[in-house]
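Asker: Provided below for reference: sequence and predicted model.
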Amino acid sequence: MGKRTAIVGATGAVGTTMLSILEERGFPVSELRLMASSRSAGRVVPTKWGDVTVEDLATTDPVGLDVALFSAGGSRSREYAPKFAAAGCTVIDNSSAFRQEPSVPLVVAQVNDAAIHSHNGIVANPNCTTMVVMMAVGPLHRAAGLRRMTATSYQSVSGSGQTGIEVLTHELNILGKDRESLTRGGWSDPNSDLYSRPIGFNVLAHAGSFTELGYTDEEWKLVNETRKILDAPDVEVEPFCVRVPVMVGHGIAATMFFDRPVSLDEAKEILSDAPGAQLWDDAKVPTPLDSAGIDDVLIGRVRPTVGEQGGISLWTVGDNLRKGAALNAVQLAELL
């Protein structure tokens, strides 16, 4: 039976990817509605289900909708998602607005699917970085019980939206005109406003906004979301989030210790069977370029810990616009 479906934030980077994935996966849409801000309202978008005119979110009526995929930012989600839910529509929200609400399930498809059935009208999509690493952590946790994890993310600029892609493109062009200054110093700051320092030909040990204890909100998401998704409030997570000059694809290097020792052979056996993931051997280390445009999260560099024994270190990389956002939202809608 078809579902009356809406995409909120339909003209943004994640929203347009949501539409593509609905089409690719043959989601049973009986009626499609697209919504965005007043700036985009009136735009006509060709879709598998015919041309659809974008509605102004501020004036739209959600009555009659079955499911709405939200990717319009936290403030709009907080304002409009409860209204959609009150109208009988199930909201899959991609923002951080509801992730830590006790009554809102935080779900990674193929990791903690059962949690979705406790929803009261709103389901939260995790942060893109958390989502990618959970595809490896989840199966290992189910087998051995995660006790402690250190995770460093290498996050692409598309995590900042279309603006991030535009800023990186601009800075690569500006800074690339004077290659000698990049090796000897004397480069000129391109003065982009999006990031605290230049991202072109650079690495920023700063992703997100600084909050308590000197950690960023992106780092706290890794801590809090890992605990909620795994239903393991005592798990220790030490995060570090880094922005890198990559268009699409978030990578996470993680070291994990469990309630019991996990051997390399056991870890590889578990990960080779993990749904939604591909285990690569060291002959071909997975990269963000490999992950762009595909649904699976790629896992590589799996190895035993050499300091404290019994742990596992690995590398995961995934398309932050697909599994990290739009794909997971559609997969959750399929579970309803």
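Answerer: Now that the structure is in, tell me what you want to look at. Quick caveat, the model's predicted, so the values are computed rather than measured.
Asker: touching, residue 132 and residue 322? I think so.
Answerer: No - checked against C-beta atoms under 8 Å, the pair residue 132 and residue 322 is beyond contact range at 10.3 Å. Any C-beta I mention is one placed from the backbone N, CA and C, and that applies to glycine too.
Asker: shared neighbours of the two, anything?
Answerer: Residues touching both residue 132 and residue 322 (C-beta atoms under 8 Å, 6 or more residues apart in numbering): there are none.
Asker: neighbour count winner among the two?
Answerer: More neighbours surround residue 132 than the other of residue 132 and residue 322, with 30 against 27 (other C-beta atoms under 10 Å).
Asker: okay, residue 1: pLDDT?
Answerer: For residue 1, the pLDDT comes out at 79.
Asker: if you count neighbours, what's buried in the helix or strand hosting residue 81?
Answerer: Element membership for residue 81, per DSSP states H and E: helix 74-86. For helix 74-86, burial by neighbour count (16 or more other C-beta atoms under 10 Å) applies to 76-77, 80-81, 84-85.
Asker: each with direction, which strands does the helix or strand following it pair with?
Answerer: Using DSSP H and E, the helix or strand that directly follows helix 74-86 along the chain is strand 90-93. Here strand 90-93 is paired, per DSSP bridges, with strand 67-70 (parallel), strand 122-124 (parallel).
Asker: export strand 90-93 to CSV, keeping only CA atoms.
Answerer: Taking C-alpha atoms only, strand 90-93 is exported to CSV below (Å, rounded to 0.1, in the frame of the first residue of the first chain):
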residue,chain,number,x,y,z
THR,A,90,5.3,10.0,11.3
VAL,A,91,8.3,12.3,11.1
ILE,A,92,11.8,11.0,10.4
ASP,A,93,14.0,13.9,11.5
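Asker: what mean pLDDT does it get?
Answerer: Averaging pLDDT along strand 90-93 gives 97.
Asker: swap in stretch 112-128?
Answerer: Stretch 112-128 comes out at a mean pLDDT of 95.
Asker: and the closest residue to residue 14 other than its chain neighbours, what pLDDT?
Answerer: Nearest non-adjacent residue to residue 14, counting by C-beta to C-beta, 6 or more residues apart in numbering: residue 71, 4.1 Å away. On the pLDDT scale, residue 71 is placed at 93.
Asker: cool, the one 10 residues further on as well?
Answerer: At residue 81, the predicted lDDT confidence score is 96.
Asker: wait, it sits on residue 70?
Answerer: Yes - counting by C-beta under 8 Å, residue 70 is a contact partner of residue 81 at 5.9 Å.
Asker: just to revisit the earlier point, of all the buried residues of helix 74-86, which two lie farthest apart?
Answerer: Across the buried residues of helix 74-86, the longest distance by C-beta to C-beta is 14.2 Å; it joins 76 and 85.
Asker: contacts only, for residue 287.
Answerer: Neighbouring residues of residue 287 by C-beta under 8 Å, 6+ apart: 249, 251, 317.
Asker: which of the three states applies to the second one?
Answerer: So the one you mean is residue 251. Under DSSP: H, G, I helix; E, B strand; the rest coil, the three-state class of residue 251 is strand.
Asker: roughly how far does it sit from residue 316?
Answerer: Note on residue 251: its distance to residue 316, by C-beta to C-beta, to the nearest Å, is 7 Å.
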